[in-house]
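Q: kindly return the folded structure for what I paste below:
(chains A and B)
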Amino acid sequence: MSAFKWFESICIQLPARLLLGGAFCFAGSKKLMDVQSFAEAIKGFKVLNVDTHEQLIINAAYSMPWIELIAGVLLILGLWTRAATMVIAVMLLVFIAALIHVITDDSISASCSCFGDVKVICTSPEIGWCMVWRDVVMLLPAIYLLWRGGGKLAIDARAESKLEAQSSDPEPDLQPNLGPR
Amino acid sequence: MKCKQTIIGALAIVGLGYIAGATHAIFDPKPVALRLSPAMLNQGNPAEIPVSITDPVDRTDPDTGADAGTDAGSETTSDPDAPTDPINPAALDPLDIPGPEGTITLREAKALHDGGAYFVDARLEHEFNESHIPYAMFLPAQRIRTRAGLDELSTIPPDITIVVYCVGGECDASHNTMMAMLNSGLGFTDIRIMGRGFIDWVEAGLPVEHEDGSITESKPEGTP
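A: As a prediction, the model looks like this:
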């Protein structure tokens, strides 16, 4: 059982954390380098009306890259893994919904700005199904990590094992009498 | 229990991100702006547009019999007899169909093009490469905010008339590009937005520059 857990941690959980966390760190930092473009991209998606929700779009443009960056760093470190993964999974679901909204509405001509000005996997500058599938693929490790946690190589595991050690280490005077030796 | 901890942790991450974002917004030297302010739209000293009346519409004055179109002094910025009532776009010449408020028509854009105004293409790169308005520069907002884009932008004289265009319809790209140009600090004084898009320009039969550098009048099939 322990061997499987080590295998799972090294071969599945660690690569999943590094890839997903790395992708979100990269996306967040690229967006932070040009917040104006990201705000224009959100406006271009036409999910929110700029006349009535301008401030909300601006707030989202400033906050979302920071949330991506923080969640990405936590995921790489394996600290608060499930919480960071939940944030990432929810963001991916929102991105997927927004992309489908743009694809299905022919009147919208928007650029993705998913990774700033860098094209990752999907080289077409226009929003298409490739970007939806890319996010769906990224959602798979997120679901796995949400289910299984960060693994033995995560900071969470060390903290948990410390807690377990503390709780299983009984006080000498409270040790029950287990009978004659 | 774990689920509750996860949700609380997720909310904490979102809250932390929001605080970081709010702090970033406060200390951002170039705050994000999404709409052109009236001050931005009316800045500078826009030149008059020398629109020449050469459309096929019969403009013979019923009283004098003089043809306004043949008058040497017919170069004007606006037609005083133009209807001020709500316009039915279907009844208008394609060149005169108005775009959103504060933008110029295709006719005005063509007149500025003939007069040597700079045209800036705000569409996607592959769309620009395929075809564009002759001599237009590819400078969408995102590109202007890069060093290379800014260098290219600085080659445009600041006091010249610049026309920005994009695909068409409710295209935000032109506004974003105009805003980026105004925020570039290069002191542009006369930037216009072509209210109708490149698609309308092509459909109106106006000249188009293709990938191979050739320039053609893009009159659609079936038009005289």
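Q: for the rest of this, base every contact and every neighbour count on C-alpha atoms.
A: Noted.
Q: break down chain A into its helices, ranges please.
A: Taking DSSP state H, the helices of chain A run over residues A:2-8, A:14-33, A:35-45, A:50-77, A:81-104, A:129-148, A:155-168.
Q: what comes up buried for the second one?
A: Neighbour-count burial for helix A:14-33 flags A:14, A:16-32 (criterion: 16 or more other Cα atoms under 10 Å in any protein chain shown).
Q: quick one, it and helix A:81-104 angle?
A: Going by axes from the mean of the first three to the mean of the last three Cα atoms, to 10 degrees, helix A:14-33 is angled at 60 degrees with respect to helix A:81-104.
Q: helix A:14-33 vs chain B: in contact?
A: No: counting by Cα under 8 Å from any Cα of the partner chain, no contacts exist between helix A:14-33 and chain B, the nearest distance being 9.4 Å.
Q: then the longest one?
A: Yes: counting by Cα under 8 Å from any Cα, contacts between helix A:50-77 and chain B involve A:50, A:54, A:58-59, A:62-67, A:70-71.
Q: so how far is the helix or strand of chain A with the lowest mean pLDDT off the chain centroid?
A: Lowest by mean pLDDT, DSSP states H and E among the helices and strands of chain A is helix A:155-168, with a mean of 83. In this view, helix A:155-168 has its centroid 24 Å away from the chain centroid, taken as Cα atoms, centre = their mean, to the nearest Å.
Q: repeat that for stretch B:203-220.
A: Computed by Cα atoms, centre = their mean, the chain-centroid distance of stretch B:203-220 equals 18 Å.
Q: buried ones in it?
A: B:204-210, B:215, B:219.
Q: also stretch A:155-165?
A: Within stretch A:155-165, the residues that qualify as buried are A:155-157, counting by 16+ other Cα under 10 Å.
Q: does chain B have contacts with that stretch?
A: No: residues of stretch A:155-165 are not located near chain B by Cα under 8 Å from any Cα, the shortest gap being 12.2 Å.
Q: ok, stretch A:123-141 next?
A: Yes: Stretch A:123-141 lies within reach of chain B by Cα under 8 Å from any Cα, at A:Pro125.
Q: now do that stretch, average pLDDT.
A: The predicted model assigns stretch A:123-141 a mean pLDDT of 89.
Q: alpha carbons of that stretch, in PDB - could you do that?
A: C-alpha atoms of stretch A:123-141 as PDB (Å, rounded to 0.1, in the frame of the first residue of the first chain):
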ATOM      1  CA  THR A 123      -1.800  28.300 -32.200                       C
ATOM      2  CA  SER A 124      -4.900  29.800 -33.800                       C
ATOM      3  CA  PRO A 125      -5.400  33.400 -32.600                       C
ATOM      4  CA  GLU A 126      -9.100  33.000 -32.700                       C
ATOM      5  CA  ILE A 127     -11.100  31.300 -30.000                       C
ATOM      6  CA  GLY A 128     -12.000  27.800 -31.000                       C
ATOM      7  CA  TRP A 129     -12.800  24.300 -29.700                       C
ATOM      8  CA  CYS A 130      -9.000  23.600 -29.300                       C
ATOM      9  CA  MET A 131      -9.000  26.000 -26.400                       C
ATOM     10  CA  VAL A 132     -12.000  24.300 -24.800                       C
ATOM     11  CA  TRP A 133     -10.400  20.800 -25.100                       C
ATOM     12  CA  ARG A 134      -7.100  22.200 -23.700                       C
ATOM     13  CA  ASP A 135      -9.000  23.400 -20.600                       C
ATOM     14  CA  VAL A 136     -10.900  20.100 -20.400                       C
ATOM     15  CA  VAL A 137      -7.600  18.200 -20.500                       C
ATOM     16  CA  MET A 138      -6.300  20.500 -17.700                       C
ATOM     17  CA  LEU A 139      -9.400  19.800 -15.700                       C
ATOM     18  CA  LEU A 140      -8.600  16.000 -15.500                       C
ATOM     19  CA  PRO A 141      -5.500  16.300 -13.300                       C
END
